[in-house]
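K.L.:
predicted structure and sequence below. I'll ask about it afterward.
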Amino acid sequence: MLAIVGRPESWNLPLFLHVVGATVVTGATAAAFVCAVSEPRFPWLRPILARTLLLVTFPAWILMRAGGAWEDSRSPIGNDSTWLAIGYIVGDLGFVLLIVACIFAAVAVRRPQRAWPPRVVAILTGVYFVALLVAMFAMTGKPGS
Amino acid sequence: MDRYQWLLVFHVAGAFLVIGGATYGGILNAAAIRRERPSEVVALYRLVRFAVPAISAGMLLTIVFGLWLVGDEQLIKWSDTWVILALVGWVLANALGGAGGRREKQTRLLAERLAAEGDAPSAELRARMRDPLTLALSWGSGVIVLAILALMIWKPGS
């Protein structure tokens, strides 16, 4: 608790950006997942899926990751801890998953006759959504610290 | 994990549900505004409805576990400025979000009726989806939630 209440002022902005990025990336990933899953019934969701990933999920991921790295550079809390490692793994794994998801979402827009690209996006965003929830639990509860 | 950490997990999970749910709803609402056919608007509004239980559960978690944390933690006082402002903001965000949601429900019902009556683009539906008051209520609620998050981090007056 002291770490929260007695936190130096200079840690606040990076923490705020990190939390806003994390919450927005979670909601936007959920929106992309639902669009990808619903696409067989509503094929016109394909451009919405691509735009969501490119214009919301990815920028929010950058905010989350940059805010987290900035915070970590200022704060000695969590060095070599499991919960911080989980945060970094989910963050960095997310970059790869989101890049691949963006590519397949673009393929889905450019090749409307192909059914499989949105399925791949659904799997990638579903996996990443669960990973984000695990990271949220680890970074908030800090188990093992 | 001690009790404080468990309380914080549920409190932050609530914040994730609220802001994540609002982001989800905002994305699909913005997509609905750009559609012309009522049946497409209906489909998007039906997808948006998944956000309602998430946001409601999140608001409940934030207030229940937030109050528990304040009562449990000696370093936080009920009279702290940030605690009072956060409680006022929580009530305001609920009121604005609820009012905006009720107006959006009327828009969805109009879209459902138009979809059943031939699914032709409608100027009335377009105007309802771009209604400045509805948008101000919904987006205003989101801005207040972000302001509450800022209060939680900066804790002015603590």
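P.N.:
Cool, got the structure.
K.L.:
what sits closest to the closest residue to chain B within chain A if chain neighbours are left out?
P.N.:
Closest contact between chain A and chain B, by Cβ to the nearest Cβ, is at residue A:27 (2.9 Å). Just so you know, the C-beta spots here come from the backbone N, C-alpha and C atoms, and that holds for glycine as well. Leaving aside its chain neighbours, residue A:27 sits nearest to residue B:23 (2.9 Å; criterion: Cβ to Cβ, 6 or more residues apart in numbering or on different chains).
K.L.:
can you check residue B:31 too?
P.N.:
Going by Cβ to Cβ, 6+ apart, residue B:31 has residue A:48 as its nearest residue, at 4.7 Å.
K.L.:
SS state for that neighbour?
P.N.:
helix (DSSP: H, G, I helix; E, B strand; the rest coil).
K.L.:
apart from its neighbours in sequence, what residue is nearest residue B:55?
P.N.:
residue B:21 (4.0 Å).
K.L.:
buried residues of the helix or strand hosting that neighbour, list them for me.
P.N.:
Here residue B:21 sits within helix B:3-33, counting by DSSP states H and E. Within helix B:3-33, the residues scored as buried using 16 or more other Cβ atoms under 10 Å in any protein chain shown are B:7-29, B:31-32.
K.L.:
same check on stretch B:118-133?
P.N.:
B:122, B:125, B:128-129.
K.L.:
looking at those, which is nearest chain A?
P.N.:
Nearest to chain A among the buried residues of stretch B:118-133, with distances taken as Cβ to the nearest Cβ, is residue B:129, at 15.2 Å.
K.L.:
wait, isn't that closest one in contact with residue B:34?
P.N.:
No: applying Cβ atoms under 8 Å, one finds residue B:129 not in contact with residue B:34, separated by 9.2 Å.
K.L.:
next secondary structure after the helix or strand encompassing residue B:94?
P.N.:
Applying DSSP H and E as the criterion places residue B:94 in helix B:81-116. Next helix or strand after helix B:81-116 toward the C-terminus (DSSP H and E): helix B:123-129.
K.L.:
tell me the helix or strand right after that next one.
P.N.:
Using DSSP H and E, the helix or strand that follows helix B:123-129 towards the C-terminus is helix B:132-154.
K.L.:
which helices and strands does that next one pack with?
P.N.:
For helix B:132-154, the packing partners by 3 or more Cβ pairs under 8 Å, 6 or more residues apart in numbering or on different chains; DSSP states H and E come out as helix A:12-38, helix B:3-33, helix B:81-116.
K.L.:
so what's residue 43 closest to, chain neighbours aside?
P.N.:
Using chain A. residue A:112 (6.7 Å).
K.L.:
sorry, I should have been clearer: chain B.
P.N.:
residue A:42 (5.3 Å).
K.L.:
dihedrals phi and psi, the residue of chain A most remote from its centre?
P.N.:
Distance from the centre of chain A peaks at residue A:113, with 29.0 Å (Cα atoms, centre = their mean). With angles defined as degrees, to the nearest 10, residue A:113 sits at phi -80, psi -10.
K.L.:
and residue A:114, what's its pLDDT?
P.N.:
Predicted confidence (pLDDT) at residue A:114: the value is 92.
K.L.:
identify the residues contacting residue B:41.
P.N.:
B:32, B:35, B:107-108, B:111, B:115, B:125, B:129 (Cβ atoms under 8 Å, 6 or more residues apart in numbering or on different chains).
K.L.:
now with 7 Å?
P.N.:
B:32, B:35, B:111, B:125 (Cβ atoms under 7 Å, 6 or more residues apart in numbering or on different chains).
K.L.:
residue most distant from the centroid, chain B?
P.N.:
Quick read of chain B (Cα atoms, centre = their mean): farthest out is residue B:118, 32.6 Å.
K.L.:
residues near the closest residue to residue B:76 other than its chain neighbours, how many?
P.N.:
Closest residue to residue B:76 apart from its sequence neighbours, by Cβ to Cβ, 6+ apart: residue B:70 at 5.1 Å. Other residues near residue B:70 come to 15 when the count uses other Cβ atoms under 10 Å in any protein chain shown.
K.L.:
backbone dihedrals for residue B:70, both of them.
P.N.:
phi -60, psi -40.
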